[in-house]
Each structure stands twice: as structure tokens, then as C-alpha cells.
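Asks: Provided below are the primary sequence and the corresponding predicted coordinates.
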Amino acid sequence: MSSRTEPTSAAELAARIRRGAVSPVEVVDDCLDRVRDRDADLNAFVTVLEEDARDRAREAERAVEAGEELGPLHGVPIAVKDLFDFKAGVRNTMGSKPFGEFVPEESATYVERLEAAGAIVVGKTNTPEFGHKGTTDNRIVGPTSTPFDLDRNAGGSSGGSAAAVADGIVPIAQGSDGGGSVRIPASFCGVYGFKASYGRVAQAIRPDAFLSHTPTIHAGPIARTVEDAALMLDVMVGPHPRDPLSVPDEDPDYRGAVRRGIEGMSVAYSPTFDVFPVDERVRRVVDDAVDAFEEAGAAVEEVDLGIDHSQQDLADLWIREIGALYHSAVEGFKDQGVDLLGDHRDELCEEFAELLEDTRDQTMIDLKRDDHVRTEVYDAIQDVFVDHDLLVTPTLAVPPVENVDDPEVQTVGPTEVEGEPVDPLIGWCLTYPINFTGHPAASVPAGLTDGGLPVGLQIVGDRFADTDVLAASGAFERVRPWHDTYPPR
């Protein structure tokens with residue numbers, strides 16, 4: 001596998017390494033070559049771990065030669081997001097200048113699990129400041145581009161991970177999702193992103209162990225194939241004694257679910273999530289893509305969800321919820337001697353600083369009142385599953401947006417869609433309502449616009465019906481394969 005060959009899936013790569021058909025050292029060397037050759041265009045990586053990755057590759061090769069028991073991702077190079085997805089001893093900026101040289105002492109739970117399964121982390125990938133928006137750009141390294149058009153953004157907040165996978169630099173990468181941050185860049189980069197039911201992937205967060213529930217924060221896989229995402233998910237899931245919100249491990253067969261048919265399943269299709277304006281270019285692609293479920297044997301019915309609040313109301317709710325989460329984190333940073341809104345206010349990007357300031361004076365009564373609206377959204381989505389197995393929508397209202405060619409100005413989303421005003425941070429994303437509810441959801445590549453830009457289709461399952469989402473994703477992939485759509489590099 002070299003920078004001039006077609007990317008190999010993680011599943012195939014792991015199998016070849018296990019057979020001794022390819023060396024982990026060669027695999028990692030080729031991966032690092034691709035980073036050097038390609039990332040100047042993409043800007044996907046914040047930190048590249050050449051020395052550590054090569055050391056681990058040599059150890060992986062020794063384990064193969066010694067006939068030791070190998071993990072399911074043994075020797076496979078991966079990328080990890082540069083947000084709260086810590087790898088012990090490695091710089092982790094969170095896209096924020098005040099943390100430009102921050103080095104955590106402990107790894108995130110799921111990063112530990114990925115490495116224990118044999119995966120080799122080759123680098124940390126770009127993210128907007130604290131993941132606060134649906135595009136990837138920050139004041140440390142700038143914007144990340146989608147490989148489909150280097151003048152356009154990769155989406156956020158896991159944009160670096162999605163771009164690295166789409167470009168074939170790594171076969172799989174980790175992302176996190178608090179408003180769509182796995183699914184949004186999956187849509188902009190034409191890859192597959194999966195968000196498991198809330199609590200399936202444990203997160204032992206400190207000092208606030210309960211930080212991740214409002215909105216629900218998830219970690220998940222980003223891959224070119226559904227099978228690769230399921231392979232990675234198998235490693236990441238499971239409870240942890242230090243995560244009070246993690247759920248028991250039911251040991252579902254994620255990889256088996258990908259191969260399962262969906263004949264007889266019922267799919268509810270909401271073209272606009274009731275309230276979102278959707279760009280006509282996206283609508284055309286998604287309307288056509290939904291037919292794939294009928295081709296795979298499922299029944300599709302267009303539905304109204306009965307959501308009574310405007311998309312602007314819902315976007316404002318998400319901003320308030322994520323603001324409360326950030327303020328909890330900010331208080332923790334003060335204990336470490338970092339006062340973001342004090343000494344470091346001028347170092348923050350203006351959009352993030354304003355988000356913090358606008359949400360600083362919320363009261364507990366305000367937040368509990370918001371939970372009433374959140375409950376209404378939950379009920380509307382949950383009611384779909386009385387008569388249907390799945391809900392599908394566009395992932396985003398727009399194709400990839402253009403990067404801002406000015407280091408002093410941040411790339412954000414559109415301020416209006418089809419003539420209707422939307423919040424440029426998140427209002428064009430049909431993903432964040434699923435972070436009010438915690439349902440499993442994925443973005444699958446639906447196709448390309450006439451201009452060659454990728455569009456995502458969001459698949460939502462009932463609570464803890466993660467395998468149904470994977471089954472539908474696998475069926476879609478078989479009927480409408482997307483693997484020939486990636487730009488040549």
C-alpha cells in the first residue's frame with residue numbers, strides 16, 4: 001500500500017497483516033508518506049506522530065512474527081481527533097490557542113481501547129475550537145478541506161478525520177459528535193460516519209463525569225466502508241466503571257449486521273426534518289438515494305414528524321445546551337490556571353467567545369425549561385418508531401461550503417438556505433436534533449451534486465437499535481456503492 005495505490009480497507013489490511021502478507025512497518029511508512037505528500041493540501045493533521053507510530057509498527061511486526069495473539073486492528077494506522085480525544089503524552093490543542101501546547105497525562109477511554117486492539121495512531125486531526133461549529137477551521141492551523149474540492153471545507157467538527165479518510169491517508173479515523181460532528185464531515189467528505197446510541201461508547205470524563213449528556217456527546221468511527229466502521233465500533237463500545245452514563249454491553253454483532261438484509265423493514269423519510277430549509281441540489285440527490293432502500297427490499301414512506309418548533313428555535317436550544325457544557329469545561333480549566341474568558345479572551349475565535357458570553361448567564365430554570373422542548377423533539381422522533389424501523393433525512397441542508405481565504409476570519413456555514421435565515425454555526429445541519437435524543441445515527445454517502453460535491457443521507461434508528469442502522473447502511477452500500485466517487489490523488 002503506497003501513496004500511488006488504491007486505499008485498502010481496514011478490514012482487509014488487518015487480515016493481510018495477520019496473515020503476514022504485509023508488514024505493519026511498511027503499512028505505517030506508506031501512511032506517513034501519504035501524510036507528507038497530501039496533507040499540505042488538506043490540512044487534516046495538527047500533529048503527526050512519526051516516531052511513535054514507527055516504534056509501534058516495529059512492535060506490531062515483532063508480535064506477528066512471534067505468533068502472539070493479535071487484536072482486531074493490529075497494525076492498522078488510524079487518526080484521532082484533536083479535541084477531548086486524548087492520547088497520553090501527545091499534544092492536544094482542542095483547536096484553541098490557549099491549549100496550543102497542552103499535553104494530557106491520560107488517554108480517552110476509546111483511544112485506549114483502539115490502541116489495545118492494535119491500532120497505531122499516526123496523528124491528531126484538525127477540529128474547530130472546542131468543536132463548537134459544523135465547519136473545521138481554527139486560529140492554530142486554519143481550515144481543513146474536503147478532497148472533493150480543496151477550496152471547500154471538510155465539515156466539522158471532526159473535519160480532519162473525515163478528510164484524512166476520504167483522501168485515503170488512513171483507512172479509518174475517530175471522531176466525536178455533539179451536534180453532528182461525525183456525520184457532518186462524513187457528508188462533506190463523502191465517507192461513512194456512525195454515532196452509536198448514547199452510552200454505548202464509554203467516556204470516563206473528568207472533572208465532570210456527567211458532562212456528556214446535554215447535548216449527548218458521542219465518539220464514533222469514520223470510514224470509507226460500513227464494514228470498517230463496524231470493525232472499529234466493535235473495539236470502541238462497552239461500559240466503563242468511571243463513566244456513570246455508559247450502558248451495559250449487549251455484545252451485538254456489528255459486523256454481522258452490516259451483511260444483514262433489510263427486506264420487510266419500514267423506512268420513514270423526512271425530506272426536511274419538518275422544519276429545515278434544504279438546498280435544492282441536496283434535495284435532488286437525497287430524493288433519489290432514498291429509492292435504494294426500496295431496491296433493497298424495504299418499504300419507504302414519507303412522513304411528518306410533528307415538530308412544533310422552528311429550526312431557529314432548535315438551533316438556539318442547541319447553542320444554549322452546548323454553551324452550558326462548555327462552561328462546565330471552562331470551570332475545570334480554571335482549576336488548571338487557564339481562564340478562557342479572562343486572560344485568554346483575545347486568543348479565542350470570535351464566534352466561540354461570543355457563544356460563551358451569550359450563554360454565561362443561563363440559570364438552572366432556563367436549562368430545565370429547555371429540557372421540555374428537548375423532550376418534545378425526543379417524543380416526535382420516538383413516535384416514528386411505533387410504525388417504522390428507521391428514519392432517514394438529508395444529513396445536511398447544503399453541499400460543502402467554501403473556505404474563507406483570510407486567517408483572521410473563520411469559515412462557518414451559510415447564513416441562509418433557500419432564502420430562509422439559518423444559524424451559520426449549526427442551523428444548516430439536520431444532525432443536532434439527534435443529539436437532543438441520543439438515538440443511533442449514521443451518515444452514508446448519498447451521491448454527488450451536478451457539480452461533483454458529496455451529499456450525505458442520515459439514517460436514524462430506534463434507541464439501542466444500532467444494528468438496524470448498520471444493516472440499512474450496509475444494504476445501501478451494496479445497492480448504491482460510492483467507492484468510485486473519490487477524486488484521484
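Replies: Sure, I can see it. Nothing here was measured: the structure is a model prediction, and the numbers come from that model.
Asks: Distance of the spatially most central residue of the chain relative to Ile365?
Replies: Taking Cα atoms, centre = their mean, the centroid of the chain lies closest to Val182, which sits 1.2 Å from it. For Val182, the distance to Ile365 (Cβ to Cβ, to the nearest Å) stands at 32 Å. For every residue, glycine as well, the C-beta is placed using N, CA and C.
Asks: What of Tyr326?
Replies: Separation of Tyr326 from Ile365 (Cβ to Cβ) stands at 20 Å.
Asks: just Val170 next, same as before
Replies: Val170 is 46 Å from Ile365, by Cβ to Cβ.
Asks: can you pull out the helices in the stretch 301-450 of the chain?
Replies: 311-335, 350-359, 364-387, 433-437 (DSSP state H, counting those that start in this stretch).
Asks: picking up where we left off before, ok, Tyr326 and Ile365, which is more surrounded?
Replies: Remark: of Tyr326 and Ile365, Tyr326 carries more neighbours, 20 against 8, as counted by other Cβ atoms under 10 Å.
Asks: wouldn't that one be in contact with Leu356 here?
Replies: Yes. Using Cβ atoms under 8 Å, Tyr326 is in contact with Leu356, at 6.1 Å.
Asks: related to what we said a few turns ago, reformat the helices of the stretch 301-450 of the chain as a markdown table; add distance to Val286.
Replies: Below are the helices of the stretch 301-450 of the chain laid out as a markdown table (distance: least, Cβ to Cβ, whole Å):
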| stretch | distance to Val286 |
| --- | --- |
| helix 311-335 | 17 |
| helix 350-359 | 28 |
| helix 364-387 | 17 |
| helix 433-437 | 16 |
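Asks: quick one, which of the ones you listed is packed in tightest?
Replies: Ranked by mean neighbour count, the helices of the stretch 301-450 of the chain are led by helix 433-437 with a mean of 26 (mean count of other Cβ atoms under 10 Å).
Asks: what is Val444 paired to in the beta sheet?
Replies: Note on Val444: beta-bridge partners Leu457, judged by DSSP bridges.
Asks: wait, it sits on Arg478?
Replies: No. In this structure, Val444 is not within contact of Arg478 by Cβ under 8 Å, at 11.5 Å.
Asks: Which of those two has more residues huddled nearby?
Replies: Taking neighbours as other Cβ under 10 Å, Val444 and Arg478 compare with Val444 leading, 29 against 15.
Asks: can you pull the contacts of the more buried one?
Replies: 192, 226, 456-457, 459, 473, 476-477 (Cβ atoms under 8 Å, 6 or more residues apart in numbering).
Asks: next one: Asp279
Replies: Asp279 touches 397-399, 417-418, counting by Cβ under 8 Å, 6+ apart.
Asks: Sitting in strands, which of those residues do you find?
Replies: Judged by DSSP state E, the contacts of Asp279 include Val417 as members of strands.
Asks: So Leu470 belongs to a helix, correct?
Replies: Yes. Under DSSP: H, G, I helix; E, B strand; the rest coil, Leu470 falls within a helix.
Asks: Need the CA coordinates for stretch 90-98. CSV is fine.
Replies: The C-alpha trace of stretch 90-98 is given here as CSV (Å, rounded to 0.1, in the frame of the first residue of the first chain):
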residue,chain,number,x,y,z
VAL,A,90,0.7,13.8,22.9
ARG,A,91,0.0,17.5,22.3
ASN,A,92,-3.8,18.1,22.2
THR,A,93,-4.8,21.6,21.2
MET,A,94,-8.7,21.3,21.1
GLY,A,95,-8.3,23.8,18.2
SER,A,96,-7.7,26.6,20.8
LYS,A,97,-4.7,28.8,21.0
PRO,A,98,-4.6,28.8,24.9
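Asks: Give the burial count for Asp450, as a bare number.
Replies: When counting by other Cβ under 10 Å, one arrives at 8 neighbours for Asp450.
Asks: Might one say that Gly20 is in contact with Val64?
Replies: Yes. Using Cβ under 8 Å, Gly20 makes contact with Val64 at a distance of 6.1 Å.
Asks: how much space is there between the residue nearest to the centre of the chain and Glu65?
Replies: 36 Å.
Asks: Where does Ile459 sit, in terms of helix or strand?
Replies: strand 454-461 (DSSP states H and E).
Asks: Any idea how far that strand is from the middle of the chain?
Replies: 12 Å (Cα atoms, centre = their mean, to the nearest Å).
Asks: helices or strands up against it?
Replies: helix 183-189, helix 280-289, strand 390-394, strand 441-448, helix 466-479 (3 or more Cβ pairs under 8 Å, 6 or more residues apart in numbering; DSSP states H and E).
Asks: I'd like those written out as CSV, with mean pLDDT added.
Replies: Listed next are the helices and strands packed on strand 454-461 as CSV, based on pLDDT from 0 to 100:
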stretch, mean pLDDT
helix 183-189, 99
helix 280-289, 98
strand 390-394, 99
strand 441-448, 98
helix 466-479, 98
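Asks: Point out the most buried one among these.
Replies: Mean neighbour count (mean count of other Cβ under 10 Å) peaks for helix 183-189 among the helices and strands packed on strand 454-461, with a mean of 36.
Asks: Quick check: mean pLDDT of the following helix or strand past that helix?
Replies: The helix or strand immediately downstream of helix 183-189 is strand 192-195, counting by DSSP H and E. Across strand 192-195, the average pLDDT comes to 98.
Asks: helices or strands next to the strand or helix carrying Glu115 in the packing?
Replies: Element membership for Glu115, per DSSP H and E: helix 109-116. For helix 109-116, the elements it packs on are strand 77-81, strand 120-125, strand 172-177, helix 226-236, judged by 3+ Cβ pairs under 8 Å, 6+ apart.
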